[in-house]
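Visitor: Dropping the sequence and predicted coords here.
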Amino acid sequence: MIRGLQIAVAVSALSLLLVIPASANHYPGRDLYKDISIITLDDLAQHTEQYLIVDVRTPLEFEVMHIKGAVNLEYPSTKFGKQIKALHNKANKPMVFYAGGNLCFDPYGATQAAHELFGVDRTYTFDGGMSEWVKGDLDKTVFQGEKLAKDRLISEADYQAHMLDPMVFESKVAGDFTVIDVRTYHEREGVGIFFGREQWLPMDRYTKLLSVLKQVQAANKPLLVFDDHGHRTRMLQYVLRDLGITDYKFMSGGAKAYFKMVADMHQRDYDHGQMGKHVDAHAHGDMAPSEGHVMPSGEAVDKADSVIKDHSAANPSGHD
């Protein structure tokens, strides 16, 4: 990896590390949303009919698989407030919000917004999400409009077989692959990773995504896909299976894992006072990508320069 170039994307990792506390908790979102009420898998499965269940994932993910009886209200969304108030007025039940799995923070945010901003008085987060739900009663799981049969599930082993470590994933980007970033608008925040190579086809705008995937299948071209935190690709794998696409890899842990990898590498440079030099050299065009690597986006370079200088000013010794 060309360390001078990778600083351009380290900014997102640095921001993440400054905001999210380190935790050994299997549910890291609970550290940030301490006042949120959590509902367990057993409680939700046994009393499903007592709750109004809200799936905050993208429509594509919802259509692939969801909890029986759930409604799909994507969060964050400009329509969320109006939709949640209408839903609350129509069905006066406690609301449970869920998404893909334990690393997604959207259900916590939706739960908090529903209660604090839109007046829903009984709200809960099921933060195990679909990845935990399918380990339970499949009779209460809808798969592509029908009751889910166990033989339709993609096993964890098959899912992991298509995973690449972020560093290995990066090494393949410059090859003959179609590279797709499926992060949503709010996840991407205008910052790409693999400049000039990736196509941004967010899963919450999936018509274009499906069109490109059909082209990939027709051309029989290998595919690299990354999401934000490594859960959205679980549902995307079912879409790829239905399309007959078999030559594909996902980035393990998604963009967040990639940014953390870069930040960990560059922590050593902070300690030795070299980070600013790397950024200045790249920003002024004194460094160029070597064979097998791609240029990060200009937006990431600008943001990295700003964050690193702010960080250095606050920590003149080079240590946190």
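Guide: Sure, I can see it.

Visitor: Can you get me a residue count around the residue lying closest to Asp121 once chain neighbours are set aside?
Guide: Excluding the flanking residues, the one nearest Asp121 by CB to CB, 6 or more residues apart in numbering is His115, at 7.1 Å. (Glycine included, C-beta is placed from N, CA and C.) By other CB atoms under 10 Å, 18 other residues sit near His115.

Visitor: tell me the secondary structure for His115?
Guide: helix (DSSP: H, G, I helix; E, B strand; the rest coil).

Visitor: gap between it and Arg188?
Guide: For His115, the distance to Arg188 (CB to CB, to the nearest Å) stands at 27 Å.

Visitor: quick one: the helices in the stretch 151-300 of the chain?
Guide: 156-161, 166-172, 185-188, 206-219, 232-243, 254-271, 275-283, 298-314 (DSSP state H, counting those that start in this stretch).

Visitor: JSON lines for these, including mean neighbour count and distance to Tyr51?
Guide: As requested, those are exported to JSON lines (neighbours: other CB atoms under 10 Å; distance: least, CB to CB, whole Å):
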{"stretch": "helix 156-161", "mean neighbour count": "10", "distance to Tyr51": "27"}
{"stretch": "helix 166-172", "mean neighbour count": "18", "distance to Tyr51": "37"}
{"stretch": "helix 185-188", "mean neighbour count": "16", "distance to Tyr51": "26"}
{"stretch": "helix 206-219", "mean neighbour count": "14", "distance to Tyr51": "27"}
{"stretch": "helix 232-243", "mean neighbour count": "20", "distance to Tyr51": "22"}
{"stretch": "helix 254-271", "mean neighbour count": "20", "distance to Tyr51": "29"}
{"stretch": "helix 275-283", "mean neighbour count": "19", "distance to Tyr51": "49"}
{"stretch": "helix 298-314", "mean neighbour count": "16", "distance to Tyr51": "41"}
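
Visitor: Point out the one among these that comes closest to Thr111.
Guide: Closest to Thr111 of the helices of the stretch 151-300 of the chain is helix 185-188 (CB to CB; 16.8 Å).

Visitor: Show me the contact partners of the closest one.
Guide: Residues outside helix 185-188 that contact it (CB atoms under 8 Å, 6 or more residues apart in numbering) are Pro76, Asp181, Trp200, Pro202, Asp204, Asp227, Asp228, Ala255.

Visitor: Pick out whichever of those residues sits closest to Lys172.
Guide: Asp181 (14.7 Å).

Visitor: Looks to me like Ile53 is in a strand.
Guide: Yes. Assignment of Ile53 by three-state DSSP places it within a strand.

Visitor: tally of neighbours for it?
Guide: Other residues close to Ile53 by other CB under 10 Å number 23.

Visitor: same deal with Leu117?
Guide: 12.

Visitor: before we move on, what about Leu73?
Guide: Applying other CB under 10 Å, I find that Leu73 has 22 neighbouring residues.

Visitor: swap in the one 4 residues further on?
Guide: The criterion is other CB under 10 Å. On that basis, Ser77 has 18 neighbouring residues.

Visitor: list the contacts for it?
Guide: Gln83.

Visitor: and the gap between it and Thr184?
Guide: Ser77 is 10 Å from Thr184, by CB to CB.

Visitor: Is Tyr124 in a helix, a strand, or coil?
Guide: Tyr124 - assigned by three-state DSSP - is strand.

Visitor: what sits opposite it in the beta ladder?
Guide: As for beta bridges, Tyr124 partners with Val96 under DSSP bridges.

Visitor: Can you check what pLDDT the model gives it?
Guide: pLDDT recorded at Tyr124 is 97.

Visitor: give me every residue that touches Glu74.
Guide: If you count contacts by CB under 8 Å, 6+ apart, then Glu74 has Val56, Arg57, Thr58, Pro59, Phe80, Asp204 around it.

Visitor: What of Pro107?
Guide: Pro107 touches Gly29, Val56, Tyr75, Phe97, Tyr98, Ala99, Thr125, Phe126, Asp127, Gly129, counting by CB under 8 Å, 6+ apart.

Visitor: Tell me the spacing between the last one and Tyr98.
Guide: Read it as Gly129. 5 Å.

Visitor: Can you pick out the residue with more neighbours from those two?
Guide: Tyr98 (29 against 26).

Visitor: give the contact list for the more buried one.
Guide: Tyr98 neighbours (CB under 8 Å, 6+ apart): 53-56, 67, 70, 107, 125-130, 133.

Visitor: can you do 6 Å?
Guide: Neighbour list for Tyr98: Pro107, Phe126, Gly129 [criterion: CB atoms under 6 Å, 6 or more residues apart in numbering].

Visitor: tell me, what residue is most central in this protein?
Guide: Asp228 (2.5 Å; CA atoms, centre = their mean).

Visitor: Now that one. Nearest residue, chain neighbours left out?
Guide: Closest to Asp228 by CB to CB, 6+ apart is Glu187, at 4.0 Å.

Visitor: Perfect, that will be all.
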